[in-house]
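How does the following fold in three dimensions:
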Amino acid sequence: MSQPPYGPPSGQPQDPYAGQQPPQGQPYPGQQPYPGQQPYGAQTPYPGRAPYPGQQPYPGQVPYGYVPVDPTAKSKLAAGLLGIFLGSLGIHRFYLGYTGIGVLMLLLTVLSVGILSPLVAIWGLVEGILYLTATRGSYAVDAQGRPLRA
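Below is the predicted model of the structure:
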């Protein structure tokens, strides 16, 4: 008797799950889950969350949705308001750590005896608005490259 080119020999029932393994930790189709195990296809928690309600996160694991805040980050609001109101003196640049440009703005205002003060004030006003509205780029970080906090 010759065997067909594919499939099991005729007369034997075909097993649709032959050779297939279930996903890791899941029971075979038709098998009951072990006690404490979620049934096959059940909703699994999001990564980073405690696996079951009431269970604490593993040591070193950050809770889901937690965004760490840098305590040394400079305020975006403070930088913007300093730029708008005291921009001609470069105070906002000193606040963020850009002392070179802050000294330049201060010297332009003081040494020109106020002649260049309106131009430097416009410069500070524009930078103040940029600090308030920027989400990326050079106006969203301080001199050390740390993001500004809202």
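
By residue count, what's the longest helix in this structure?
The residue-count maximum for a helix in the chain (DSSP state H) belongs to helix 117-133.

which helices and strands does the helix or strand residue 78 falls within pack with?
Per DSSP states H and E: residue 78 is located in helix 76-86. Under the contact definition 3 or more C-beta pairs under 8 Å, 6 or more residues apart in numbering; DSSP states H and E, helix 76-86 sits against helix 91-96, helix 117-133. Glycine gets a C-beta too; all of them are placed from N, C-alpha and C.

returning to what we had before: orientation of the longest helix of the chain relative to helix 76-86 in degrees?
Using axes from the mean of the first three to the mean of the last three C-alpha atoms, to 10 degrees, the interaxial angle of helix 117-133 with respect to helix 76-86 works out to 160 degrees.

For helix 117-133, give the mean pLDDT please.
In this model, helix 117-133 carries a mean pLDDT of 96.

May I see the buried residues of the helix holding residue 78?
Along helix 76-86, these residues count as buried under the neighbour rule (16 or more other C-beta atoms under 10 Å): 76, 79, 80, 81, 82, 83, 84, 86.
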